[in-house]
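Asks: coords please:
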Amino acid sequence: MSGHSKWAGIKHKKAKVDAQRGRLFTRLIREVTVAARIGGGDPTGNPRLRDAIDKAKAGNMPQDNIARAIKKGTGELEGVTYEDCVYEGYGPGGVAVMVEAVTDNRNRTTAEVRKIFSRLGGNLGEAGCVGWMFDKKGLIQVTAKGVDEEQLLAVALEAGAEDVRSEEQTFEVVIAPKDFGSVKTALEQAAFPIEHAEITMVPQSTIRVEGKTAEQVLRLVDGLEEHDDVQQVYANFDIPEQIMAALSA
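Replies: Numbering: from 1, shown residues only. All right, here's what the predicted structure looks like:
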């Protein structure tokens with residue numbers, strides 16, 4: 001499993017304080033707006049927008065806010081013009097890191113992301129330096145306790161999943177982005193306990209890190225995620241789940 005997916009899943013379980021929820025809403029609104037601008041305002045024909053709306057609803061964002069963000073993206077309402085940008089680099093221990101951001105000032109965001117990499121033991125690289133190591137996939141984590149693996153496998157594959165993997169305390173369902181919505185719906189209808197679901201970048205291989213290096217890697221990921229313009233951070237670290245949980249406590 002992608003190290004970042006484990007990390008995201010652990011943090012997803014934590015209660016968010018008001019300040020964190022405010023940052024979350026800002027990111028979700030930007031993602032909905034950009035998705036609507038690029039692929040149109042109809043989520044049935046725009047997988048990125050559909051995923052953004054699902055995340056916004058999961059974050060308890062009011063429906064009116066989502067609707068306004070879509071209208072800003074399609075030009076029905078005036079708003080700030082945002083653009084996507086991707087940053088690639090390396091963290092402690094040679095871990096590959098990809099950062100997706102949405103910004104209204106690329107030069108400012110680039111300078112600030114570079115500073116975060118440098119301050120927290122990483123290096124911002126050139127475009128393409130680590131992107132080839134990742135594949136875009138849908139990932140759904142299902143709680144393993146009480147779940148029949150064969151039944152999960154049957155339902156997931158029938159709905160279009162590519163694979164089901166057994167992890168420490170969860171099953172991970174791997175899906176092509178275009179099939180993410182149908183597989184998620186099938187698992188929900190079958191009452192499987194979904195812990196976390198997202199379209200993400202999955203590393204082709206991982207780097208095992210422990211001890212101080214693991215702490216440094218997670219500090220870099222956290223530092224990048226705290227930046228207001230950053231939407232997602234992906235990395236190919238492999239840290240035991242119990243160690244990540246302890247470090248996040």
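Asks: List the residues that contact Ala176.
Replies: 137-138, 160, 162 (CB atoms under 8 Å, 6 or more residues apart in numbering). Glycine gets a C-beta too; all of them are placed from N, C-alpha and C.
Asks: Look at it and report its pLDDT.
Replies: The model reports Ala176 with a pLDDT of 93.
Asks: Tell me how far it lies from Gly89.
Replies: 27 Å (CB to CB, to the nearest Å).
Asks: Could you do Ala191 as well?
Replies: Taking CB to CB, one finds Ala191 at 41 Å from Gly89.
Asks: which one of these two has more residues nearby?
Replies: Using other CB atoms under 10 Å as the criterion, Ala191 and Gly89 rank with Gly89 on top: 23 against 7.
Asks: re the thing from before, pull the most distant pair out of the contacts of Ala176.
Replies: Lys137 and Gly160 (12.5 Å; CB to CB).
Asks: Common neighbours of the two, please.
Replies: Joint contacts of Lys137 and Gly160 (CB under 8 Å, 6+ apart) are 175-176.
Asks: Mind checking which of the two has more residues around it?
Replies: Set Lys137 next to Gly160 and count neighbours by other CB under 10 Å: Lys137 wins out with 20 against 16.
Asks: Where does that one sit: helix, strand or coil?
Replies: strand (DSSP: H, G, I helix; E, B strand; the rest coil).
Asks: now it, which residues is it bridged with?
Replies: Thr200 (DSSP bridges).
Asks: what does the helix or strand hosting Lys72 contact?
Replies: Assessed by DSSP states H and E, Lys72 sits inside helix 63-74. Residues outside helix 63-74 that contact it (CB under 8 Å, 6+ apart) are 25, 29-30, 32-38, 40-41, 49, 53, 56-57, 77-79.
Asks: Now the buried members of those residues.
Replies: Buried members of those, scored by 16 or more other CB atoms under 10 Å, are 25, 29-30, 32-37, 41, 49, 53, 56, 79.
Asks: Of these, which belong to helices?
Replies: 25, 29-30, 32-37, 49, 53, 56 (DSSP state H).
Asks: quick one on the thing from earlier: so which bits of the helix holding Lys72 are buried?
Replies: For helix 63-74, burial by neighbour count (16+ other CB under 10 Å) applies to 66, 68-73.
Asks: Send me it as CSV with only the CA atoms.
Replies: The C-alpha coordinates for helix 63-74 follow below in CSV (Å, rounded to 0.1, in the frame of the first residue of the first chain):
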residue,chain,number,x,y,z
GLN,A,63,-24.4,21.8,-0.4
ASP,A,64,-24.8,25.6,-1.2
ASN,A,65,-21.0,26.0,-0.9
ILE,A,66,-20.4,23.1,-3.3
ALA,A,67,-22.9,24.5,-5.8
ARG,A,68,-21.3,28.0,-5.7
ALA,A,69,-17.8,26.4,-6.3
ILE,A,70,-19.1,24.6,-9.3
LYS,A,71,-20.6,27.7,-10.8
LYS,A,72,-17.4,29.6,-10.2
GLY,A,73,-15.5,26.9,-12.1
THR,A,74,-17.9,26.9,-15.0
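Asks: after it, next one along is what?
Replies: Following helix 63-74 in sequence order, the next helix or strand is strand 83-90 (DSSP H and E).
Asks: That next one - contacts with which helices or strands?
Replies: helix 18-39, strand 96-103, helix 106-119, strand 123-124 (3 or more CB pairs under 8 Å, 6 or more residues apart in numbering; DSSP states H and E).
Asks: Report the separation between the two terminal residues of stretch 38-47.
Replies: 11 Å (CA to CA, to the nearest Å).
Asks: I'm done for today, thanks for sticking with me.
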